[in-house]
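[1] Next input, structure requested:
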Amino acid sequence: MSDGDAPGKPTDPPATDETGPIEPTAESESLVLTYAAPFLGVLLIAVGLPLSIVGGYVVVQDSVGLCGDPTITATPVDEYDGVPESVDELPVEDLTTAEQRALEEATASPFREGTIEGDVANLDVLLDGAVVAYEGDRYYVQIASQNSCLEAEPLLFPVGGIAILVGIAGVLTPPIYRKMAGFEERMRGDNQE
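    Below is the predicted model:
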């Protein structure tokens with residue numbers, strides 16, 4: 001190398017260690033494999049993780065009991081300063097058997113919550129809240145949580161998994177390429193001898 005040559009010019013041989021070249025021999029390959037492939041790999045992993053989580057949750061949510069039955073709360077009316085006139089009165093006889101069981105559970109619970117396990121005929125009224133007379137007391141009853149199941153395509157789980165695997169391959173492309181380039185350089189060196 002002469003004094004006027006700057007280090008790192010394309011005419012310089014690639015840097016090597018005991019396994020072969022440390023960097024690829026072609027500049028264009030270096031940019032694509034060093035930066036673009038890992039960046040796209042990270043993007044695929046970032047997209048694949050939430051897809052896999054949501055897709056997996058959709059598949060197991062019902063069987064694990066994470067959704068399905070709405071929950072009501074029953075608070076004694078005397079805890080309020082008064083019930084507004086806009087709140088409906090709902091006779092306990094109009095409640096379905098499942099709603100009555102939930103009301104009984106809520107009035108007996110220290111958390112004042114009960115789960116409606118069955119038909120919900122008064123969904124609209126209970127979503128807004130209603131006053132129900134039950135066993136001599138009046139309760140403000142309202143649906144606290146509908147516990148509806150998340151609706152998404154179960155296909156998201158395998159699509160997300162594939163995106164993660166392809167992303168991992170993209171992230172691992174530079175070290176794999178370096179090993180393959182080093183192997184190729186060693187093979188060329190053995191053939192020339």
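[2] Every contact and neighbour count from this point should use C-alpha atoms.
    Noted.
[3] Could I get the full set of helices for this protein?
    Applying DSSP state H to the chain gives helices spanning 27-31, 37-64, 97-108, 123-128, 156-171, 173-192.
[4] So for residue 77, which of those sits nearest?
    helix 97-108 (12.1 Å; Cα to Cα).
[5] List the contacts of residue 149.
    Taking Cα atoms under 8 Å, 6 or more residues apart in numbering, we find residue 149 in contact with 58, 61, 62, 66, 67, 68.
[6] Around residue 86, how many other residues sit close by?
    Neighbourhood size, residue 86 [other Cα atoms under 10 Å]: 9.
[7] Tell me the spacing between it and residue 80.
    Residue 86 sits 15 Å away from residue 80, going by Cα to Cα, to the nearest Å.
[8] Closest to residue 184 out of the contacts of residue 149?
    Nearest to residue 184 among the contacts of residue 149: residue 58, at 47.1 Å, using Cα to Cα.
[9] Would you agree that closest one is in contact with residue 148?
    No. In this structure, residue 58 is not within contact of residue 148 by Cα atoms under 8 Å, at 11.6 Å.
[10] who's in contact with the biggest strand by length in the chain?
    The longest strand of the chain (DSSP state E) is strand 137-145. Contact with strand 137-145 is made by 70-78, 103, 126-133, as judged by Cα under 8 Å, 6+ apart.
[11] List the neighbouring strands of it plus their orientation.
    Paired neighbours of strand 137-145 in the sheet (DSSP bridges): strand 71-76 (antiparallel), strand 130-134 (antiparallel).
[12] mind putting these in TSV, mean neighbour count included?
    Below are the strands paired with strand 137-145 laid out as TSV (neighbours: other Cα atoms under 10 Å):
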stretch	mean neighbour count
strand 71-76	22
strand 130-134	20
